[in-house]
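Engineer: Quick one, what's the 3D model for this:
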Amino acid sequence: MFPVSIALLSTLSLCGGLISALSDRAKDNGDIFIIDYDSFDGDVDDISTTTEAPRDPDYIDFDAIMHGCNASFITPMSYVLQFNNTGKLADETDLTSMCYFRCFFEKSGIVENFKLVPSIVRKYIWPATGDSIEYCESQGISEPNACKRTYAIVQCAMMRALTDARNKPMV
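Structural biologist: Numbers count the residues shown, from 1 in each chain. Modelled structure (predicted):
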């Protein structure tokens, strides 16, 4: 009787420890997790989900494109930010940065074969009006270097976007 009692007591104590360990983890109820707030340390990175949020079929992951292009054509983020704010590079002779912008705008689908894709330009850059798209596509047309030519096109588009934004303030 005594050995059976010890075995039963050992089994119960192990089960109690197992139950305690399981209660510290988030529980999967399908597509969300329920967290035991008594043991949650506030680190959201520890939580994972089993399903991804649905994305728009036309979704463009600009961050992934930026990182991929920067792996091939290393360009300081300060150059990218300056281009986004002024439409110009800090060094207008920096061919590596021009190739970065060619990579970025082609992989994002904004430029294809030295042509701006109007629907994507209007969705992500600015609501191009008048002859802006045709005019910008004509920039650098005689340039044999693909990076310089694409940069001339996107620089024109960015300058027009920045000018339109300054002239038509949001209310």
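Engineer: List the residue ranges of this structure that fall below the pLDDT cut-off.
Structural biologist: Applying pLDDT under 70 to the chain flags residues 1-52, 128, 165-171.
Engineer: now with 50?
Structural biologist: By pLDDT under 50, the low-scoring segments of the chain are 2-24, 169-171.
Engineer: For this protein, which segments count as strands?
Structural biologist: Taking DSSP state E as the criterion, the chain carries its strands at 27-28, 33-34, 111-112, 115-116.
Engineer: Touching, residue 141 and residue 150? I think so.
Structural biologist: No. Using Cβ atoms under 8 Å, residue 141 is not in contact with residue 150, being 11.6 Å away. To be clear about C-beta, it is placed using only N, CA and C from the backbone, and glycine gets the same treatment.
Engineer: okay, the two: which has more neighbours?
Structural biologist: Legend: neighbour count by other Cβ atoms under 10 Å for residue 141 and residue 150, higher for residue 150 (23 against 10).
Engineer: correct me, but that one touches residue 114?
Structural biologist: Yes. Contact criterion Cβ under 8 Å: residue 150 and residue 114 qualify, at 6.6 Å.
Engineer: Spell out which residues are contacts of both of residue 141 and residue 150.
Structural biologist: Taking Cβ atoms under 8 Å, 6 or more residues apart in numbering as the criterion, residue 141 and residue 150 both touch residue 114.
Engineer: What sits closest to residue 151 if chain neighbours are left out?
Structural biologist: Take residue 151 and drop its neighbours on the chain: the residue closest to it by Cβ to Cβ, 6 or more residues apart in numbering is residue 98, 4.0 Å away.
Engineer: what about that neighbour, how many residues close to it?
Structural biologist: 25.
Engineer: Please name the residues that touch it.
Structural biologist: Residues near residue 98 by Cβ under 8 Å, 6+ apart: 89, 147-148, 150-151.
Engineer: same thing but at 10 Å, please
Structural biologist: Residue 98 sits next to 73, 75, 89, 91-92, 145-152, 154-155 when contact means Cβ atoms under 10 Å, 6 or more residues apart in numbering.
Engineer: Just to check, residue 120 is in contact with residue 107?
Structural biologist: No. The pair residue 120 and residue 107 fails to qualify as a contact (Cβ atoms under 10 Å) at a distance of 11.9 Å.
Engineer: Touching both of the two, which residues are there?
Structural biologist: Contacts common to residue 120 and residue 107, judged by Cβ under 10 Å, 6+ apart, are residue 60.
Engineer: ok so, going back, intersection of neighbour lists for residue 150 and residue 114?
Structural biologist: With Cβ under 10 Å, 6+ apart as the test, residue 150 and residue 114 both reach 102, 106, 139-140, 143.
Engineer: Show me which pair in the contacts of residue 98 is furthest apart.
Structural biologist: Across the contacts of residue 98, no pair lies farther apart than 91 and 146, at 18.9 Å, counting by Cβ to Cβ.
Engineer: Brilliant, that's me finished.
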